[in-house]
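J.: what's the 3D shape of this:
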Amino acid sequence: MIGDIHQRVTCTSVASLAFFSHSAYVATFEPRDVSHALSDSNWVNAMHEELENFERNLVWDFVEHPPNCRPIGTKWVFNNKQGENGMVVRNKARLVAQGFCQKEGIDYEETFAHVARLEAIRILLAFAASKDFKLQQMDVKSAFLNGFIEEESFLLKSGFVMGSVDKTLFLLSHGGDTLIMSREFEMSLMGELQFFLGLQIKQGPEGTFVHQAKYTRDILNKFEMGDSKPMTTPMSTNTALDADEDGEAVDQKEFQWMNGSLLYLTATRPDIQFMVYLCARYQASPRTSHLKPIFRYLKFTPELGLWYSSGSSLSLRGFLDADHAGCRIDRKSTSGTCQLLGTSLVSWFSRKQASVALRPLKQNMLLLLLLWMKAILSDFGLRFGRIPLLVDSTSAISIAKNPVLHSRTKDIDVRFHFLRDHYEKGDIDLIHVVSANQLADIFTKPLEFDAFTRLRES
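T.: Numbers count the residues shown, from 1 in each chain. Here you go, the predicted structure:
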């Protein structure tokens, strides 16, 4: 129960704990419940900071609840925010509603958090590295999903321009005051960008290195794979992954937890993208053989990440590949794509096609991504003509360039001609690339060590 917000919290244990002013120290443990939190002055401070933020941001009003209504309960959630070295840098206490008591349409209308896409973040990092910009980080101390948010109106009035595609991007013209937000909102300047959304970022004179080494070590230890035998690739070419019905079964919830942890790691590890999505197909009946090879590979390569060179050109190009009928169960193809801004890899995906293809034609999701990237880069002042799309299939290129629909393509769904339409409009330029130089190969099939390493380091 919440009492008077102006009354300081006191502990009801044997020794009463008075409220202490904000300390330079932080607690190193995470409380199991409220009574545990009240035993430490740092967590008491964190709880009061949350309550005072509620009042300052006009998030709530104390009222009598209507008759015949059951109020929704609240719960304290305690979390330690860590730096890239694993040290606790802040104790964070949040008072949240018990969501399982809520009903859609009565207690809430929608759940939505407007956040930047990872592709947009990587584009910004690559752009800043190429221009030798130093990225700085600021932290707004309190943000409320259902509060009255005036950040957008304030920024627009202050001379910022909202991105035409990515609405989380705001640009300020030369000569503007970049510290204007700190005078309007309670926020802390954290200096040079180093640790963001679990991504470790090292900015240097030669470029920017983005990795998740700490996260990798954490999940290896979490799933007791820290002492596993390393592997040089995430999947052997001699072992075709299948249902493995005779293999050792794994708890389904644990498997989903492991796979979800690996899924976030693909934010900086495109080399495991194909294997992670391949293993996700077997979540209904998981086996030890499905995920263990990936963790053993991570044990071998915990420090890998993305390198964005300074002074790199800002040309945009994409690679597109497919493993025709590669799935042993339903013979559906796997499409793989990647997009580069200069030499910087900023976007990629690996996905099994929804239908069985009679010919090795590729899906067109890469084209949609390229058009989205072309639009978002226009907000950075970059303009592109035809974007090179490198494909190692001459038949796919011929069909896209040939305006004549003949009998060989009558059975192809109309979506496959989407590519040709944009080729004719001048949005893309289809270019043949030999299979050995097809970077998207790493997203469609297991590769031998030499080929895997060469593409990983390209």
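J.: bridged to residue 95, which residues?
T.: residue 76 (DSSP bridges).
J.: burial measure for it, as a count.
T.: 16 (other CB atoms under 10 Å). Quick note: C-beta positions are derived from backbone N, CA and C, even for glycine.
J.: check residue 452 too.
T.: With other CB under 10 Å as criterion, residue 452 counts 19.
J.: what does residue 129 give?
T.: Neighbours of residue 129 using other CB under 10 Å come to 26.
J.: and it, how far is that from residue 204?
T.: 9 Å (CB to CB, to the nearest Å).
J.: and residue 422, by the same measure?
T.: Distance, residue 422 to residue 204, by CB to CB: 38 Å.
J.: which of these two has more neighbours?
T.: More neighbours surround residue 422 than the other of residue 422 and residue 204, with 21 against 9 (other CB under 10 Å).
J.: for the residue nearest to the more buried one when sequence neighbours are not counted, what are its contacts?
T.: For residue 422, ignoring the flanking residues on the chain, the nearest one in space by CB to CB, 6 or more residues apart in numbering is residue 428 at 5.5 Å. By CB atoms under 8 Å, 6 or more residues apart in numbering, the contact list for residue 428 reads 367, 370, 386-389, 419, 422.
J.: going through those, which ones are buried?
T.: 367, 370, 387-389, 419, 422 (16 or more other CB atoms under 10 Å).
J.: taking those residues one by one, which sit in strands?
T.: 387-389 (DSSP state E).
J.: correct me, but residue 438 touches residue 323?
T.: No: contact criterion CB atoms under 8 Å: residue 438 and residue 323 do not qualify, at 11.2 Å.
J.: doesn't residue 287 make contact with residue 247?
T.: Yes: assessed by CB under 8 Å, residue 247 is found in contact with residue 287 at 3.7 Å.
J.: where in the protein is pLDDT low?
T.: 1-24, 84, 106-114, 141-151, 173-179, 185, 239-242, 324-332, 353-366, 395-420 (pLDDT under 70).
J.: look up how far residue 268 lies from the most centrally placed residue in it.
T.: In the chain, the residue lying closest to the centroid (CA atoms, centre = their mean) is residue 118, at 4.6 Å. From residue 118 across to residue 268, the span is 9 Å (CB to CB).
J.: outline the domain layout of the protein.
T.: Structurally, the chain divides into domains by automatic domain parsing as follows: 1-111, 136-190, 211-300, 313-456.
J.: could you dump these into CSV and include distance to residue 197?
T.: What follows is the domains of the chain, written out as CSV (distance: least, CB to CB, whole Å):
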stretch, distance to residue 197
domain 1-111, 12
domain 136-190, 11
domain 211-300, 8
domain 313-456, 16
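J.: looking at these, which is nearest to residue 307?
T.: Set against residue 307 and scored by CB to CB, these come closest in domain 313-456, at 7.9 Å.
J.: can you pull the contacts of residue 29?
T.: Neighbour list for residue 29: 40, 80 [criterion: CB under 8 Å, 6+ apart].
J.: now do the SS call for it.
T.: coil (DSSP: H, G, I helix; E, B strand; the rest coil).
J.: ends of stretch 27-45, how far apart?
T.: End-to-end span of stretch 27-45 (CA to CA, to the nearest Å): 11 Å.
J.: start the count at 658, not 1, going forward
T.: Sure, I'll start counting at 658 from here, so that last one is stretch 684-702.
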